[in-house]
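[1] I'd like to go over a predicted model; first the sequence, then the structure.
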Amino acid sequence: MQLRNPRHFSPALLITALAFLFCAAGFLIAPITSAQKVKQLPPPPPPLRYKPKPTPTPEYEVVKISSNLVMVPVSITDAQGQPVLGLKPTDFRIEEDGRTQRLTQLGDPEQVPLDIAVLIDVSGSVVARFDFEQQAAAAFLKQVLKPEDRATVFAIDETPRLIQRLATAQVASQSIMTLKPSNGYTAFYDSLLAASKYLDQSSSNGRRRIAVVISDGDDTARILNVSSAQTRNGGIQLIGMDAQLQLIQQAQLDTQREVQRAEVTFYSINPSGQTMHLNVRTARSEQGMERIAAATGGAAFVPKNESELAGIFNRIASEIRSQYLLQYYSNNESGSRAYRRIAVSAPAHPELRVRAREGYYPKAK
């Protein structure tokens, strides 16, 4: 057979070659396309950020400061018993348990309010002079108290009787005038204890506490109670004079301690006059009131007659208003609440008489 002319096959061959090339290119491109369809990995995590370490809080040592401010009312009088004014802080020397204290302030008594307890004996021993004493006591409160001051009234009877709570001078004076004598026994020490406790609980810090007592100080109720107890137990009906004196002395010591603990300045007026010396027990009772007055920086008075009573009240009022208020921070850091003795003097003025409380019991913090 005769072959066709080769030129007739050229287009066909060309088309066939091109088709082969396209097929080959498809096989080569397919792996690349499928490779691009693979899921991409997530981006790498961000670099770690380190927080700066907090600056440590500085640790401070806790220092406990225990300050014990002590206020000591001081009365300075001359040879005639008249108040002396005009002294300066450098004129005073104060010691506590033998150690000198640094005076921080000399307070003005006019700037420190008063809380006064007036105790009036309504028992049988004072019936004869009761009306005059009542009027003098009421006038005293009106004279000495200012609007910011207060007064409370107690009756010394067979048992303590609170007649008027802390109030103004007008109210307290009116309550005094309502008192009537009872002709009963005298619960002197229990009444003073009740008044001191009341002031301690009702009078805030920073106020001066004063007790003014009109009585002979003879506690007959306490003796009666002891005798009655012995009778119920089959003993004798009355206790002997020695036992009475011991009983009164112990009562005086116990009461003095509580009056000091309450920081009360004690003043007494014994209306019995010189008749108190007629009986050993009544004389000892007056000595007991004098001892409490000395321990608290107050004073005890024994008027010779009724005419001196008003003058004594005036003297107490003048003294209260002219007291020096010595203030210091105790350098005793023991924390003990035991009794601490105080000694106040005016070395540059030996001719003057200095009266201040003999000590105090530190208050609980």
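    Happy to help now that I have it.
[2] how much space is there between Thr178 and Ala138?
    10 Å (C-beta to C-beta, to the nearest Å). C-beta here means a position set from N, CA and C on the backbone, and glycine is covered the same way.
[3] do Glu95 as well
    Counting by C-beta to C-beta, the gap from Glu95 to Ala138 is 40 Å.
[4] these two: which is more packed in?
    Legend: neighbour count by other C-beta atoms under 10 Å for Glu95 and Ala138, higher for Ala138 (22 against 13).
[5] ok, Trp221 - contacts?
    Slight slip there: residue 221 is Ala, not Trp. By C-beta atoms under 8 Å, 6 or more residues apart in numbering, the residues touching Ala221 are Glu158, Thr159, Gly184, Tyr185, Thr186, Ala187, Phe188, Asp190.
[6] can you do 7 Å?
    By C-beta atoms under 7 Å, 6 or more residues apart in numbering, Ala221 lies in contact with Glu158, Tyr185, Thr186, Ala187.
[7] which SS class is the second one?
    In three-state terms, and counting by DSSP: H, G, I helix; E, B strand; the rest coil, Tyr185 is coil.
[8] find the residue closest to it in space, skipping its chain neighbours.
    With sequence-adjacent residues excluded and distances taken as C-beta to C-beta, 6 or more residues apart in numbering, Tyr185 is closest to Ala221, at 4.1 Å.
[9] related to what we said a few turns ago, what's the closest of the contacts of Ala221 to Asn68?
    The shortest approach to Asn68 among the contacts of Ala221 belongs to Ala187, at 34.8 Å (C-beta to C-beta).
[10] what's the neighbour count on the closest one?
    Residues lying near Ala187 (other C-beta under 10 Å) number 25.
[11] quick check: which element contains the residue nearest to the spatial centre of the chain?
    The chain has Asn205 as the residue nearest its centroid, 4.7 Å off, counting by C-alpha atoms, centre = their mean. Using DSSP states H and E, Asn205 sits in no helix or strand.
[12] contacting residues around it?
    Per C-beta under 7 Å, 6+ apart, neighbours of Asn205: none.
[13] related to what we said a few turns ago, what's the farthest-apart pair in the contacts of Ala221?
    Glu158 and Thr186 (7.8 Å).
[14] more neighbours, these two?
    Per other C-beta under 10 Å, whichever of Glu158 and Thr186 has more neighbours is Thr186, with 28 against 17.
[15] list phi and psi for the more buried one.
    Main-chain dihedrals, Thr186, degrees, to the nearest 10: phi -120, psi 110.
[16] what residues are up against it?
    Under the criterion of C-beta under 7 Å, 6+ apart, the contact list for Thr186 reads Asp121, Ser123, Ser125, Ile156, Asp218, Asp219, Thr220, Ala221.
[17] list the ones among those residues that fall in strands.
    Secondary structure defined by DSSP state E assigns Asp121, Ile156 of those to strands.
[18] got a markdown table for the contacts of Thr186, with distance to Gly273 too?
    Formatted as a markdown table, the contacts of Thr186 follow (distance: C-beta to C-beta, whole Å):
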| residue | distance to Gly273 |
| --- | --- |
| Asp121 | 14 |
| Ser123 | 17 |
| Ser125 | 12 |
| Ile156 | 18 |
| Asp218 | 14 |
| Asp219 | 19 |
| Thr220 | 19 |
| Ala221 | 23 |
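[19] could I get the contacts of Thr186 as a markdown table with distance to Leu253 and pLDDT?
    Shown next, in a markdown table, are these (distance: C-beta to C-beta, whole Å; pLDDT from 0 to 100):
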| residue | distance to Leu253 | pLDDT |
| --- | --- | --- |
| Asp121 | 21 | 95 |
| Ser123 | 22 | 87 |
| Ser125 | 23 | 70 |
| Ile156 | 19 | 96 |
| Asp218 | 17 | 91 |
| Asp219 | 13 | 92 |
| Thr220 | 19 | 89 |
| Ala221 | 18 | 87 |
